[in-house]
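Enquirer: Whatever this is, show me its structure:
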Amino acid sequence: MKVPPRTRRALTRVARDTSFLALGVPLHLLIGFLLFVVGGLVWEIILGSDAGAPVVLGFVVVLAVLAVPALTVAQIRRFRRLLGIDIPRPGRRRPQRQAGYHCLAGLLLGALEVLLLALLVAGLAAATVYVWVWAVPWRWRIEHPGYGTQAFYVTVAGLAALALVPSLAAALVRVETHAGPRLLGPDSGEDLARRVADLTESRAGAVDAADAERRRIERDLHDGAQQRLVSLALNLGIAKATLKDLPPEARAVIDAAHQEAKDAIEELGNLVRGLHPAVLDELGLDAALSGLAARSPLPVRLRVDLPSRQEPDVRRDMAGGRPQAPAASAVEAVAYFVVSEALTNIAKHAREATRAEVSVTRLGAILRVVIADDGMGGADPSRGSGLRGLAQRVRSVDGTFRMSSPVGGPTMMSVELPCPT
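Expert: Purely as a prediction, here's the structure:
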């Protein structure tokens, strides 16, 4: 016999809810039992009828205190295993809410669970009265000729009780899922702080993974495609120098191919440096920015005030008097990318710009990058995809991006990147 899917889901839901409530009975009523014992021992101490009552009372109180976190863990596992609700463990925080749940809400929920399970058992017994009524002695059935009618009414009442159990169980489960996570887990503020910490950690991992992927691509391009292009350009140069008896048309083709190979090498080198320059890892941000300034078509005045990688910095930060360490590689990569894109934008789009200035300084836990030019200004970050990309790249490491570009100039871009000491 094939059970319809809807009926099968309903039966599975009822079995899950009743199992959840049945397992909650001992967990909810254990503290109630201990409190009842404590009350009885206190009454005996007041009456003075038992000299050993204080010792037993102390033991029971300690047991009740230790039972609160253990019951919290058991309740969290009950929610996770049977309902799939993951309640973060509060640890040693908020003990008063845990105690309130077990001592007040738990007792009420436990009583409701007992009543519901009693209704379920009574309904099953009443609905099957025609089955077990034959277990009574036959003399009783002879002496009670109307038992069949009474059994019919009992069966109807049992079926009605069984029909009520699924809805009552679902309602009680909803009450518990509403109260349990709020009283057993962390409050909204702690949960928000935990989510922010998780998102910050995941974002930092994504930034590091992206930086590592850029390093891998830069290494593969430098060691693979770029080397093959260099070999091709070298062979074409040798062919152009040694093959003197070629027709002019062939020599023109070789010359053009040689020039194209050299241009491709230069473009690929610029691409590799834009992804992640090797000098940034080897010599640091100062040397990498010096290379950018030297390759810029406009004169660039560069000022870098950062701790050196080769020599420990003896300066002290203003916050705690600790030595300043070099910035993290991801932060240095963002700073390099910002300066590189800014200088490119100045060379391409800054009208009447004759020079640029780049300043990189370390102010405690902040790495500040300022890029300025003497052009006509008018740059709008909201209209240019390049400037929006810079702002997004800075925000990826919790940095701040500011830009001032009034019409008539000058234009100044200020970036502050967090750099924990």
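Enquirer: quick one, strands of the protein?
Expert: For the chain, strands defined by DSSP state E occupy the ranges 300-305, 356-363, 366-373, 400-404, 411-418.
Enquirer: Summarise which helices and strands the third one is packed against.
Expert: With contacts defined as 3 or more Cβ pairs under 8 Å, 6 or more residues apart in numbering; DSSP states H and E, strand 366-373 has these neighbours: helix 329-349, strand 356-363, strand 411-418. No exception for glycine: its C-beta is placed from N, CA and C like everyone else's.
Enquirer: one step back: ok, which of the strands of the chain comes nearest G148?
Expert: strand 411-418 (83.4 Å; Cβ to Cβ).
Enquirer: between that closest one and strand 356-363, what angle do the directions make?
Expert: Angle of strand 411-418 versus strand 356-363, following axes from the mean of the first three to the mean of the last three Cα atoms, to 10 degrees, is 20 degrees.
Enquirer: Could you export strand 411-418 as PDB, keeping only the C-alpha atoms?
Expert: Backbone C-alpha positions of strand 411-418 (Å, rounded to 0.1, in the frame of the first residue of the first chain) are rendered in PDB as follows:
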ATOM      1  CA  THR A 411      42.100  67.500  -7.700                       C
ATOM      2  CA  MET A 412      43.000  65.600  -4.600                       C
ATOM      3  CA  MET A 413      42.300  62.000  -3.700                       C
ATOM      4  CA  SER A 414      42.700  60.800  -0.100                       C
ATOM      5  CA  VAL A 415      42.600  57.200   0.900                       C
ATOM      6  CA  GLU A 416      43.000  55.800   4.500                       C
ATOM      7  CA  LEU A 417      43.600  52.100   5.000                       C
ATOM      8  CA  PRO A 418      43.500  50.300   8.300                       C
END
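Enquirer: where does G364 land on pLDDT?
Expert: Looking at G364, its pLDDT stands at 80.
Enquirer: Quick check: A257 touching N235?
Expert: No - between A257 and N235 there is no contact under Cβ atoms under 8 Å: 10.0 Å.
Enquirer: now what about stretch 38-48, what contacts it?
Expert: Contact partners of stretch 38-48, identified using Cβ atoms under 8 Å, 6 or more residues apart in numbering, comprise 50, 53-54, 56-57, 60-61, 64.
Enquirer: Which one's more surrounded, A257 and N235?
Expert: A257 (16 against 13; other Cβ atoms under 10 Å).
Enquirer: How far away from the center of its chain is the longest helix seen in the chain?
Expert: In the chain, with assignment by DSSP state H, the single longest helix is helix 5-47. Relative to the mean C-alpha coordinate of its chain, helix 5-47 is positioned 35 Å out (Cα atoms, centre = their mean, to the nearest Å).
Enquirer: Just name the shakiest helix or strand of the protein by mean pLDDT.
Expert: Ranking every helix and strand in the chain by mean pLDDT, DSSP states H and E puts helix 138-143 at the bottom, with a mean of 64.
Enquirer: all helices of the protein, in order?
Expert: 5-47, 53-78, 95-100, 106-127, 129-132, 138-143, 147-184, 188-220, 226-242, 248-275, 278-282, 285-295, 329-349, 385-395.
Enquirer: circling back: how about the helices and strands packed on strand 366-373 in TSV, adding mean neighbour count and distance to D305?
Expert: Output for the helices and strands packed on strand 366-373, formatted as TSV (neighbours: other Cβ atoms under 10 Å; distance: least, Cβ to Cβ, whole Å):
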stretch	mean neighbour count	distance to D305
helix 329-349	20	13
strand 356-363	19	5
strand 411-418	20	15
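Enquirer: Same list (the ones you listed) but as JSON lines, adding distance to A239.
Expert: Shown next, in JSON lines, are those (distance: least, Cβ to Cβ, whole Å):
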{"stretch": "helix 329-349", "distance to A239": "35"}
{"stretch": "strand 356-363", "distance to A239": "42"}
{"stretch": "strand 411-418", "distance to A239": "47"}
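Enquirer: so which of those comes closest to G185?
Expert: Of all those, strand 411-418 comes closest under Cβ to Cβ, at 30.5 Å.
Enquirer: so the closest one versus helix 329-349, what angle?
Expert: Interaxial angle, strand 411-418 versus helix 329-349 (the same axes, to 10 degrees): 170 degrees.
Enquirer: For the helices and strands packed on strand 366-373, which has the smallest mean pLDDT value?
Expert: Going by mean pLDDT, the lowest-scoring of the helices and strands packed on strand 366-373 is helix 329-349, which has a mean of 83.
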